[in-house]
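This is a predicted model, with the sequence first.
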Amino acid sequence: MENAAYLEVTDLRKGYGSGEAHVEVLRGLCTGVRSGEICTLLGPSGSGKSTFLNLVGGLESADSGSIRVGGEELTTLSKRELVEYRRRELGFVFQFYNLVPDLTIRENIEVCAYLSSEPLPMDELLESLGLWDHRDKFPSQVSGGQQQRCAIGRALVKAPRLLLCDEPTGALDYKTSKEILQLMEDVNQRYGCTMVIVTHNEAIQYMSHRVLQLRDGQIVSEHTNQTIKPASELSW
Amino acid sequence: MRNPLDRRIPRELKANLGKYLGIFALLFLISAMVTGYMVAASSLQATIEGMRDRYVVEDLQFDCDFEAPKKAVRAVEALGMTVHENFYRDLTMGWRKASGEEGTGTVRAMRVRRDFDLPIYVEGEEPNSRGQIALDRTFCENNGLRVGDHVTVDGRDFAISGVMTLSDYPTQMVHNSDLMYNTQSFSVSQVSDEDFDQLVGSSAQWRYSAVLDDRSMALPQRVELERRVAEAISQNGASLSSIVDRESNQAITFSQDDVVQDQGMWEVMLVLLVLIMAFVFVVLTNATIEEQSSAIGTLLASGWRRSEILRHYLTLPVLVGTVACVVGNVVGYAFLVKPMANLYMRSYSLPPYVVTFQPRVFVMTTLIPLGMLVLITFFGLLRKLGATPLAFLRHETSHRRGLGRVRLPSSWGFSLRFRARVFLRNISQFVILFLGISVGSILLLMGLIMLPTVEHVARTMSQSVPAQHVYLLKAPLRLDGSVDERAAFEAAETLSTSSAEDIQALDPAALLGLAVKAQTVNPDDRAVNVRENSPERIEQAERFAAASLEVKRNLADSMEQITLYGIEEPSRYWSDVQLSHGGIVVGKGLSQKCDLRVGQTYPFIDRFEGKTYELRVDGITDGDTNMDAYLSRADFCALMGEPDDYFNGYASDEALDLDPRFVAKEITPQEMLKVVDQIQESMGDIMNTMVALSVPFYLVVMYLLTKTVIDRSARSISYMKVFGYQDGEVARLYVRSITTVVALTLMLSLGGIVSLFRLIMKFMMVNYSGNWTLWYAPQHLVELVVIGFATYGVVALIHLRNIRRVSLSEALKVQE
């Protein structure tokens, strides 16, 4: 694992609305995530977790502050450059999978393989995701866990350096959630990609290298885990 | 790597086969019909345009009351043209129809032409001996007559030697000012010179046709030339009764104008239909995008470019549109050109046409619709895809969110509020639905009320004929001559019209008797009718004077031909015309079409005399189709510089027996009504096509747009079912909202489309003679609503079935 911060955020501010209705969601956030780390963001609803993720993902623009990913300053990038950044650097996993309903599992993953000049080998990926037998099924024909595996595969296939996961197990049952977390752990170890996971599930922090606790748009605690539990040992 | 999203295209097509089949069917139908029509019309137009040079069609014609002296003809030719005698006689003709029924009508007999206005024979040959006649193709086809069949003309038997088209009569116009042509009971014909001379049942009409030396002369120069022609004729002892430029000659131009104007109408219709189809595409594609909003958001978040996604969602509409237009084009060319051309060939006597590839038609029916489709869909998608990835992920791409969240009065019951929400949430679908239904309604309305409108115009014109018989005379003809006067005029007529051989053959005593009687005729006296009419008939007949004038049309740079009547005061036949002195009273139709207002003075032009009269309008008399102007006969004579006792017509409720040599034209209400049959025959198919086209258009537009409402509510419908609602109750909430919108649209759009149609009609008919105003009975609007609603009934049934099919599990699916 490298020592330099791959993701570096300085005095990040973001608000919505204007005048009296103005709400500041992120208030001067500063943090850093090293390359290859799993970083978990915890916090109650409205604490700014998803906003943080969206800013790092280039889906929203910050009011002020700096976001550097792999040495590149995101806040100065144009819309077109942000698209290229997402295309090259990022993978997204959402709570509700968001698969294209009329593409098969394999094709859904190919949708992002298409964006990369050197995508991961498809068959191998399908095997490692446990989706080989379901590769030709449509999303509506597989379980939620399998759909989320597919979503992870889709995010992963273009070999992104940064994987942003918004409540990846939020819509899944306990058993499936654990399977998905094991998969993410495996992906992190196998491909070495940096992961930022936004979650309400406090157990996930134990499989992470770094844990950030947010409240009212500020980091109220930040620590690095000395010992990391395997995902298979997590329980909640 | 091939774009993986491409794989969803055939699946999307399969999953929404009904939707895409509907779109395909409609575009295909529009493309095929319009291609078939446009290719046929363009080919016919090219044929008509080629006729002028190919068949040496005349540039102008003039009629004289009597045969013009040679010096008058020479004087006209000296102005730069070749003048041909084109005399004709309108005679009674009888024939046996294919059905076995006896037919009677009028044949316009002419000599065989050799140098101008050449005939085109489609069957048989020209008459080359006595007792043979060549008749017009359309007349023969409409009456089942063929070469070898026999007809009676003026009581004599003739064998049909040929079926032909006369190049100066592609339209069988009996009179140039007629509302409509007549291919049912009127035919032009050619007979041998001997037969022409012997068919004396009616006097010859002294028509001259001229071919200009400079055939490229522009209209303003031709108008000036025609003024000089009129002068030359008048100054050389002939009496001019009409002069008609080729562009004003309805027999020559009507078919071409009709073909050209119809093409314009079809082009407008095509644009309207494609425009609506493009908006339908936008709505449908937007619905798909909304449905897949989160997936698209994820793609955008993963680095997909907006342009890549836009291209993807544009592919299917473009593909379906292209295939539909191309297949439609091929089918249109292969199968529909002939039936479409027949719509015209049945009405107009045109030479055989050649179908050629028409690049303009290809552009009109394929490239322009496709271009419109692509552009509108492109911009619709661009607008939709302008949302941020987050907006897609949060399902916030719909621009209707604001309306969907409008606060509704709490006093409204649950059902009403629910339906209002369905309406507000789908307002853009309903707006397009409103437009689509309106366009469909215009088509349907055209199909439903064009014929009644034309029939109404004909009936109104028929009712506006002031008497059962209106005779226009070539010269004043007294009815009240004594027995001696009649005998004297008859003797003079016999002597003047008999050939030298006939006169030599007369008994000397008889000849002397004739000469003595004829000698008593004073050349300055008004001619006396040689035929006998009872005193009662003479008593009820009323004299009038009439002149043909022109006045400028309001919306076009062309002239309307009108008749200025000098009528008795008080008049027995024009009792509703309130005459004034010093000015004229105009018909309501004329005042509307030419925007003539009371108190204003307008120039009225007499082209034959080359004079302009500045006439003040003092009043307007009733009648939407009344295109005449009136003043007292005394004022007429003073205005025209005629003697006080001048007249050139009789209005009479009883038929008068008049010397046919003096009769220029007889107008009867029945003649006007014949137009109705002709219109039904010639326009019925086109109007039925409109109705046939509008119903599937209604059906597909209604189905596609309302389907998106049901589709995007599938989850809510499923919830309702989970909550315990019956299918019927759910349907009442959703389908009734749609039904209300459709019903309101059908009724609320009526006013707008009728006004729009009125306007379209005004512009469409501006260059036609007469004042064409839209006419419909309430029943036509009821029919329109009923057909529209019946079509919707089919759609509603499909939706009811779809609602029954929405499964309970839809609500239980995991979805953000």
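Noted; the coordinates are in hand.

Tell me which residues are up against the helix or strand B:Arg486 falls within.
Per DSSP states H and E: B:Arg486 is located in helix B:483-497. Here helix B:483-497 makes contact (CB atoms under 8 Å, 6 or more residues apart in numbering or on different chains) with B:481, B:503, B:513-518, B:520-521, B:527-530, B:532, B:659, B:661. Yep, even glycine has a C-beta here, placed from its N, CA and C like the rest.

and the residue of chain A nearest chain B?
A:Arg87 (2.8 Å; CB to the nearest CB).

Hmm, B:Leu299 and that residue touching each other?
No. The pair A:Arg87 / B:Leu299 is not scored as a contact, 10.6 Å apart, by CB atoms under 8 Å.

Please list all residues in contact with A:Leu131.
Contacts of A:Leu131 (CB under 8 Å, 6+ apart): A:105-106, A:146, A:149-150, A:153.

more neighbours, A:Arg87 and B:Leu299?
Set A:Arg87 next to B:Leu299 and count neighbours by other CB atoms under 10 Å in any protein chain shown: B:Leu299 wins out with 26 against 17.

contacting residues for the more buried one?
A:100, A:111, B:309.

show me what contacts the residue nearest to the first one when sequence neighbours are not counted?
Read that as A:Val100. Take A:Val100 and drop its neighbours on the chain: the residue closest to it by CB to CB, 6 or more residues apart in numbering or on different chains is B:Ala295, 4.6 Å away. Listed by CB under 8 Å, 6+ apart, the contact partners of B:Ala295 are A:98-101.

could you dump stretch B:264-273 to PDB, C-alpha only?
Written as PDB, here are the backbone C-alpha positions of stretch B:264-273 (Å, rounded to 0.1, in the frame of the first residue of the first chain):
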ATOM      1  CA  GLY B 264     -49.500  22.000 -51.500                       C
ATOM      2  CA  MET B 265     -52.300  20.700 -49.300                       C
ATOM      3  CA  TRP B 266     -50.700  17.300 -49.100                       C
ATOM      4  CA  GLU B 267     -47.400  18.800 -48.300                       C
ATOM      5  CA  VAL B 268     -48.900  20.800 -45.400                       C
ATOM      6  CA  MET B 269     -50.700  17.700 -44.200                       C
ATOM      7  CA  LEU B 270     -47.400  15.700 -44.400                       C
ATOM      8  CA  VAL B 271     -45.600  18.300 -42.400                       C
ATOM      9  CA  LEU B 272     -48.300  18.400 -39.800                       C
ATOM     10  CA  LEU B 273     -48.500  14.700 -39.500                       C
END
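
Not counting its own residues, what contacts it?
By CB under 8 Å, 6+ apart, stretch B:264-273 touches B:26, B:30, B:34, B:37-38, B:41, B:364-365, B:368-369, B:372, B:439, B:442-443, B:697, B:764.

how about a cut-off of 10 Å?
B:26-27, B:29-31, B:33-35, B:37-38, B:41, B:340, B:364-365, B:368-369, B:372, B:435-436, B:438-440, B:442-443, B:446, B:686, B:690, B:693-694, B:697, B:701, B:760, B:763-764 (CB atoms under 10 Å, 6 or more residues apart in numbering or on different chains).

if we can go back for a sec, kindly format the C-alpha coordinates of the helix or strand harbouring the residue of chain A closest to chain B as CSV.
Counting by DSSP H and E, the element that carries A:Arg87 is helix A:79-89. Provided in CSV are the C-alpha atoms of helix A:79-89 (Å, rounded to 0.1, in the frame of the first residue of the first chain):
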residue,chain,number,x,y,z
LYS,A,79,-17.8,19.5,-17.3
ARG,A,80,-16.2,17.7,-20.2
GLU,A,81,-13.0,17.1,-18.2
LEU,A,82,-15.1,15.7,-15.3
VAL,A,83,-16.7,13.3,-17.7
GLU,A,84,-13.3,12.1,-18.8
TYR,A,85,-12.2,11.9,-15.1
ARG,A,86,-15.2,9.7,-14.3
ARG,A,87,-14.6,7.6,-17.4
ARG,A,88,-10.9,7.0,-16.6
GLU,A,89,-10.7,7.0,-12.8
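
Among the contacts of B:Ala295, which ones are in strands?
In strands, judged by DSSP state E, none of the contacts of B:Ala295 are found.

Could you pull up the mean pLDDT of the helix or strand where B:Ser31 lies?
Per DSSP H and E: B:Ser31 is located in helix B:17-54. Looking at helix B:17-54 alone, the average pLDDT works out to 88.

now for that helix, which elements pack on it?
Under the contact criterion of 3 or more CB pairs under 10 Å, 6 or more residues apart in numbering or on different chains; DSSP states H and E, helix B:17-54 touches helix B:8-15, helix B:250-291, helix B:306-331, helix B:337-345, helix B:359-362, helix B:368-384, helix B:669-712.

Distance from that helix to the middle of the chain?
The chain centre lies 18 Å from the centre of helix B:17-54; the measure is CA atoms, centre = their mean, to the nearest Å.

Next, the angle helix B:368-384 makes with it.
Counting by axes from the mean of the first three to the mean of the last three CA atoms, to 10 degrees, helix B:17-54 points 140 degrees away from the direction of helix B:368-384.

Check which residues of helix B:17-54 are buried.
Across helix B:17-54, burial judged by 16 or more other CB atoms under 10 Å in any protein chain shown covers B:19-20, B:22-24, B:26-45, B:47-48, B:51-52.

Same question for stretch B:128-144.
For stretch B:128-144, by 16+ other CB under 10 Å, it's B:131-143.

Which ones among those residues map onto helices?
Of the buried residues of stretch B:128-144, the ones assigned to helices by DSSP state H are B:137-143.

near chain A too, which of these?
Among these, not one lies near chain A by CB under 10 Å from any CB of the partner chain.

can you redo those as a markdown table with distance to B:Leu495 and pLDDT?
Listed next are these as a markdown table, based on distance: CB to CB, whole Å; pLDDT from 0 to 100:
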| residue | distance to B:Leu495 | pLDDT |
| --- | --- | --- |
| B:Arg137 | 42 | 95 |
| B:Thr138 | 42 | 94 |
| B:Phe139 | 38 | 94 |
| B:Cys140 | 41 | 94 |
| B:Glu141 | 45 | 92 |
| B:Asn142 | 43 | 89 |
| B:Asn143 | 41 | 91 |
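
so which of those would you say is closest to A:Arg68?
Using CB to CB, B:Thr138 comes nearest to A:Arg68 of those, at 85.6 Å.

From chain A, how far out is the residue lying closest to that closest one once chain neighbours are set aside?
Nearest non-adjacent residue to B:Thr138, counting by CB to CB, 6+ apart: B:Thr183, 4.1 Å away. Counting by CB to the nearest CB, to the nearest Å, the separation of B:Thr183 from chain A is 58 Å.

Kindly report the same for B:Thr460.
Separation of B:Thr460 from chain A (CB to the nearest CB): 61 Å.
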